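In: predicted coordinates and the sequence they were generated for:
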Amino acid sequence: MITAKHRILIVGGGSAGISVAARLARKGYDDVAIIEPSEKHYYQPLWTLVGAGQADLSLTERAQSSVIPKKASWIKKAAEAFDPDQNTVTCTDGSTYEYDVLIVTPGIQLDWDKVPGVAETIGQNGVSSNYRPDLAEKMWDMMRKTHSGTAVFTMPSGPIKCAGAPQKIAYLAADHWRRDGDLKDMEIHLVLPTPRTFGIPEIADSLDEVVADYGIILHTQSEVVAVDPDSKKVTIRDLGDEGSGDTVVGYDLMHFTPPQSAPDWVKSSPLSTGDGPGYVDVDKHTMQHVRFPNVFSLGDAGSTPNSKTGAAIRKQAPVVAANVHSYLENEALGGEYHGYASCPLVISNQKMLLAEFDYSMQMTPTFPTWLFDPSKPYRRYWHLKRYGLPFLYWNLMLKGIA
């Protein structure tokens, strides 16, 4: 039995869902419904600074009701199944909603249990993460109480949201320990699955200088595959073609970045790519589903090969809103997304490098290159991260303006 029907149904009330809903409202659509169970809405990019003691968690949190567009309906439930052949979404309470157009934005799943030993120790015994709000606060508490020993910062293989975050906290921790006079007593390991610190050579060159300046031991093409919380040791696997096997490193402090994937119920749905992390199978330019033309997806749950960032969502939302309108008007889809993403790489409590790029990994700087070298860090960029981007998010992006 159908509980209700809406012209446009959005699954997920995070950055992507709210941004596109606001844009549709501005286009005059008044039958838009958002399925979202959470009472709180978070500005997640600031969690990196929360974990480094440079921002309060309260600044990242607002009531979900305050960000839902006035013209949209809020269905305070959790979705659990898609039936695109019948144009329906079923929620965990058994209610079923029909749609003309579906927009899928449920975000990304943090797979804490994918690495043995993590689930039982995360948030305690020196192990935390900036990928959850409560853990970000614990990260700072652990960091400021650590004055000597070994610290390990990890990044998993595969797509993750804000792929720069695993590095940022390593640099911020090193900067904190340097300012406290403890850096000389710290051994810092940064474990990355990639060949270099960044996929753009000029930016990787700048980050190599940061790594060397802090004396960080860099493990590239490597991944933490096991954590032993009792002995406080991690197993690091060499992922290279001629891998040297596993290395075991003891730790006193660890920032763990979990492997990530589409939510399990999305992964097993007809909308999924059907393999790997199981993201929603969309055309990377139009954001339209490749098999179901009245389904669109954006944000972290989509299969687009860009970096999963809030900046990417900011560029995807107007494309989806335009293409949904075109679909409903039986017009050709004209909106195109070209992979823009932005990674604000904070390297200290004073400086940040703003990496902006597209699908081709070409730099696409917002600011003129004669004013700011896009491969170099600047003090003004740190202020942009701490103050400018949160203002943009709450006051412009979520309102469908920017």
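Out: Cool, got the structure.
In: show me what contacts Asp100?
Out: Counting by CB atoms under 8 Å, 6 or more residues apart in numbering, Asp100 touches His6, Arg7, Ile8, Asn87, Asn294, Leu328. For every residue, glycine as well, the C-beta is placed using N, CA and C.
In: wait, Val266 sits on Gly274?
Out: No: the criterion here is CB atoms under 8 Å, and Val266 misses it with Gly274 at 11.3 Å.
In: of all the contacts of Asp100, which two lie farthest apart?
Out: Farthest apart among the contacts of Asp100 by CB to CB are Asn87 and Leu328. That separation is 13.5 Å.
In: which one among the contacts of Asp100 gets closest to Ala78?
Out: The nearest member of the contacts of Asp100 to Ala78, counting by CB to CB, is His6 at 16.9 Å.
In: average model confidence for stretch 88-98?
Out: Stretch 88-98 shows a mean pLDDT of 98.
In: may I see the buried residues of it?
Out: Neighbour counts over stretch 88-98 (16 or more other CB atoms under 10 Å) mark Thr88, Val89, Thr90, Cys91, Ser95, Thr96, Tyr97, Glu98 as buried.
In: skipping adjacent residues, who's closest to the fourth one in space?
Out: Spelled out, that is Cys91. Lys77 (4.2 Å; CB to CB, 6 or more residues apart in numbering).
In: one more: the last one?
Out: With CB to CB, 6+ apart as the criterion, Glu98 has its nearest non-adjacent residue at 4.0 Å, and that residue is Lys5.
In: ok, which stretches of this structure are helices?
Out: 15-26, 47-51, 133-144, 165-179, 201-214, 264-267, 310-328, 379-383, 389-392 (DSSP state H).
In: so for the fifth one, what's the average pLDDT?
Out: In this model, helix 201-214 carries a mean pLDDT of 97.
In: now swap in the third one and tell me
Out: What helix 133-144 shows for mean pLDDT is 97.
In: and for that helix, what's in contact with it?
Out: With contact meaning CB under 8 Å, 6+ apart, helix 133-144 is reached by 42, 47-48, 50-53, 57, 60-61, 122-123, 126, 128-130, 169, 173, 176, 253, 255.
In: gap between the residue sitting nearest the centre point of the chain and Tyr131?
Out: Nearest to the geometric centre of the chain sits Lys161, at 2.4 Å (CA atoms, centre = their mean). Per CB to CB, to the nearest Å, Lys161 is found 8 Å from Tyr131.
In: which residues sit in contact with the nearest residue to Ala163 once chain neighbours are set aside?
Out: Spatial nearest neighbour of Ala163, excluding adjacent residues (CB to CB, 6+ apart): Ser307 at 5.6 Å. Residues near Ser307 by CB under 8 Å, 6+ apart: Ala163, Ala341, Cys343, Phe357.
In: just put these in CSV and tack on pLDDT.
Out: Shown next, in CSV, are the contacts of Ser307 (pLDDT from 0 to 100):
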residue, pLDDT
Ala163, 90
Ala341, 94
Cys343, 93
Phe357, 95
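In: give the contact list for the closest residue to Asn125 other than its chain neighbours.
Out: Nearest residue to Asn125, sequence neighbours excluded (CB to CB, 6+ apart): Pro229, at 5.4 Å. By CB under 8 Å, 6+ apart, the residues touching Pro229 are Gly117, Glu120, Thr121, Asn125, Val127.
In: Arg96 touches Ile2, doesn't it?
Out: In this structure residue 96 is Thr, not Arg. Yes: Thr96 lies in contact with Ile2 (CB under 8 Å); the separation is 5.6 Å.
In: overlap of the contact sets of these two?
Out: Residues touching both Thr96 and Ile2 (CB under 8 Å, 6+ apart) are Thr88.
In: re earlier: narrow the contacts of Pro229 to those that are buried.
Out: Gly117, Thr121, Asn125, Val127.
In: tell me which two of those sit farthest apart.
Out: Spanning the widest gap among the buried ones among the contacts of Pro229 are Gly117 and Asn125, at 10.5 Å by CB to CB.
In: give the burial count for Pro201, as a bare number.
Out: Using other CB atoms under 10 Å, Pro201 has 11 neighbouring residues.
In: kindly apply the preceding question to Gly240 instead.
Out: Gly240 is flanked by 11 other residues according to other CB under 10 Å.
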